[in-house]
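Peer 1: here is the input, now give the coordinates:
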Amino acid sequence: MKILLVQPPHWSPDGHANFDAIEQIVPTGAGEVLLLPELAGSSMSRPDYLSRVRSLAEGTGMTVVGGSHYDGAVNRGAVFDAGGNLLSEYDKVHPYGVELASGVVPGRPGPGFELHGRRLLVLLCADLWYSASLAGRDGLDAVLVPAMSVTRWDGPAPARELWQHMSVARAYEFMTYVAVSDWHHETTYHGHPCAGVTGLANPCPRTRSGFFTGPPELPVSAHDLDFARLDAFRRDRADRGFVR
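Peer 2: Numbers count the residues shown, from 1 in each chain. The predicted structure is shown next:
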């Protein structure tokens, strides 16, 4: 399964402007899954947000994980397949930083969805940092993370390294791929810079350099999810006694 990670160069408080920009940079039919960053829809209305995600899925011929938008006081997103069918909805369970100060409230965990017989789960940004978000969800094949990685560091490097380490740790512990789509590190949100943490954590790479791959400058990057290799990795861990 090929997944495309989207890292737009700029975030706009106008959600329609964000979707317009994303439509310009995403190639049609280049993969099976398209992952957008958090708050791609900003504060657009729920009907408008759902319409834009559905349209993007139909137009690109891919299943689209539509980042998120503020639906009232909840940070919320949706997944549509290439036929325009709603596959899943998800909320941010752990609002972070400026969200708490602005009155954003915790939502409910999403159920995930299936695609080509594989189980995928969406976690919004900071939700990845809570291992309880994945506890009890055995057999996940990929965790998809729309992010807006605001940081208090002077530059993007420290937060980017932390995100990479966390993504790899989650991938290895839960034996799953972890894909993150973020905004470019020159993006700001309410005065806070982003770290540009887009990339893929692979629990079973062929070389040690493959635990996390993520070109920090590309607006769109494609990554292969090798589920046969993931299944073999799980069997090997079970044989060695790491799985009970």
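Peer 1: which residues of the protein score low on pLDDT?
Peer 2: Counting by pLDDT under 70, the chain shows low-confidence ranges at 244.
Peer 1: center of it - which residue?
Peer 2: The central residue of the chain, meaning the one whose C-alpha is nearest the mean C-alpha position (C-alpha atoms, centre = their mean), is V145 at 2.3 Å.
Peer 1: ok so that one is a strand residue?
Peer 2: Yes - counting by DSSP: H, G, I helix; E, B strand; the rest coil, V145 is found in a strand.
Peer 1: what about H184, neighbour count?
Peer 2: 20 (other C-beta atoms under 10 Å). All C-beta spots, glycine's among them, are computed from the backbone N, C-alpha and C.
Peer 1: what about the longest helix in the chain?
Peer 2: Longest helix in the chain by number of residues, with DSSP state H as the criterion: helix 157-174.
Peer 1: and that one, which residues are buried?
Peer 2: Residues of helix 157-174 classed as buried under the neighbour-count rule (16 or more other C-beta atoms under 10 Å) are 159-160, 162-164, 166-168, 170-172, 174.
Peer 1: what does stretch 76-94 give?
Peer 2: Neighbour-count burial for stretch 76-94 flags 76-82, 87-94 (criterion: 16+ other C-beta under 10 Å).
Peer 1: show me how far it is from its chain's centre.
Peer 2: 12 Å (C-alpha atoms, centre = their mean, to the nearest Å).
Peer 1: send me it as CSV with only the CA atoms.
Peer 2: Backbone C-alpha positions of stretch 76-94 (Å, rounded to 0.1, in the frame of the first residue of the first chain) are rendered in CSV as follows:
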residue,chain,number,x,y,z
ARG,A,76,-12.4,16.7,14.5
GLY,A,77,-11.6,15.0,11.1
ALA,A,78,-13.0,12.5,8.6
VAL,A,79,-11.9,9.8,6.1
PHE,A,80,-13.4,9.3,2.7
ASP,A,81,-12.6,6.7,0.1
ALA,A,82,-12.1,7.3,-3.6
GLY,A,83,-15.8,6.7,-4.2
GLY,A,84,-16.8,9.5,-1.9
ASN,A,85,-17.9,7.2,0.9
LEU,A,86,-17.4,8.2,4.5
LEU,A,87,-15.2,5.6,6.2
SER,A,88,-14.5,7.0,9.6
GLU,A,89,-14.6,10.1,11.8
TYR,A,90,-12.2,10.9,14.6
ASP,A,91,-11.6,13.5,17.3
LYS,A,92,-8.6,14.9,19.1
VAL,A,93,-8.7,13.4,22.6
HIS,A,94,-5.9,15.5,24.1
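Peer 1: ok, G72 to A101 distance?
Peer 2: With distances taken as C-beta to C-beta, to the nearest Å, G72 is found 17 Å from A101.
Peer 1: to clarify, my last question referred to P158.
Peer 2: Separation of P158 from A101 (C-beta to C-beta): 22 Å.
Peer 1: ranges for the helices of this structure?
Peer 2: Listed in chain order, the helices of the chain (DSSP H) span residues 15-25, 46-60, 98-101, 157-174, 227-239.
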